[in-house]
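**Student:** Only the shape, not the letters, is given here:
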Ligand SMILES: [Zn+2]
């Protein structure tokens, strides 16, 4: 299918009370593995290019790969730019066919974050591209660098959504990027309060750190997009390590990478089942 927008898939999730899984990718095999798994589960899926993915592949290559592969499946696929702090990069991503972008102004004072996000929404709306914004601080940046965690203030969430018109709002509610173990203490009180006061679909980042039993609970709140990256990355590398230790004479790297992409797909299927997005495509 042709790529769809974030606004479209999140509207359906909000109405039917499930969450759409969003997966970071860094390689062609990640994309193939994620799409095959989502197709098998008949789930809508969001493919996210983080700054490190953009550095590795480039926006043009990402646009081509995802468009071509999405055309081979019959589920809604969103191509999303994750954590862009540079407004010029957002416009370039739109030019290369991204159907959703995240402007991350969470490090800025709230007034400046609102002004920049509103500009991103104006440009996005004009081109039919969805925009996600963020307030609060997660404690760790997209590449795992340390910072101070500031949970999202529900009052600020109300103001941010009203003044920017974003299609989705990322909140800080207890997760951190780069978590290697599933031990996040989710502040369900904050999630509930923001869900009640804001009609904009909410987003949770750093969800590799969320306990499996919390995922179905979160998907029943106002959180409609749940991001996973770290777990997929470690699964890919572990698969390669395992393949090489089992067969030290392996010479064909396509076999190695293909297997790793399939291992990523197994994680994807498990997360889809827990978020209730199975058979929603
Ligand atoms: Zn994130």
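**Tutor:** Ah, there it is. All figures in this text were calculated on a predicted structure; none of them were measured in a lab. Residues are numbered from 1 along each chain as shown.
**Student:** Now do the contacts for the nearest residue to residue 236 once chain neighbours are set aside.
**Tutor:** In this structure, residue 236 finds its nearest non-sequential neighbour in residue 260, 4.6 Å apart by Cβ to Cβ, 6 or more residues apart in numbering. Using the backbone N, CA and C atoms, a C-beta is placed for each residue, glycine as well. By Cβ atoms under 8 Å, 6 or more residues apart in numbering, the residues touching residue 260 are 29, 33, 235-237, 239-240, 243.
**Student:** Check the average confidence over the helix or strand where residue 64 lies, would you?
**Tutor:** Using DSSP states H and E, residue 64 maps to helix 59-70. Mean pLDDT, helix 59-70: 98.
**Student:** got the buried residues for that helix?
**Tutor:** For helix 59-70, a neighbour-count test (16 or more other Cβ atoms under 10 Å) marks 59, 62-63, 65-67, 69-70 as buried.
**Student:** Same check on stretch 150-160?
**Tutor:** 152-154, 156-157, 160.
**Student:** do you know how far the residue nearest to residue 236 is from residue 135?
**Tutor:** Distance of residue 260 to residue 135, computed by Cβ to Cβ, to the nearest Å: 36 Å.
**Student:** ok, now residue 242?
**Tutor:** Applying Cβ to Cβ to residue 242 and residue 135 gives a distance of 40 Å.
**Student:** Same check on residue 262?
**Tutor:** Taken as Cβ to Cβ, the span from residue 262 to residue 135 is 37 Å.
**Student:** Compare these two and say which one has the larger neighbour count.
**Tutor:** The neighbour comparison of residue 262 against residue 135 (other Cβ atoms under 10 Å) goes to residue 135, with 23 against 15.
**Student:** Now do the contacts for that one.
**Tutor:** With contacts defined as Cβ under 8 Å, 6+ apart, residue 135 is in contact with 106, 110, 113, 152-153, 156-157, 160, 169-172.
**Student:** Turn the buried residues of stretch 150-160 into CSV, including distance to residue 54 and secondary structure.
**Tutor:** Formatted as CSV, the buried residues of stretch 150-160 follow (distance: Cβ to Cβ, whole Å; DSSP: H, G, I helix; E, B strand; the rest coil):
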residue, distance to residue 54, secondary structure
152, 26, coil
153, 30, coil
154, 32, helix
156, 29, helix
157, 28, helix
160, 25, helix
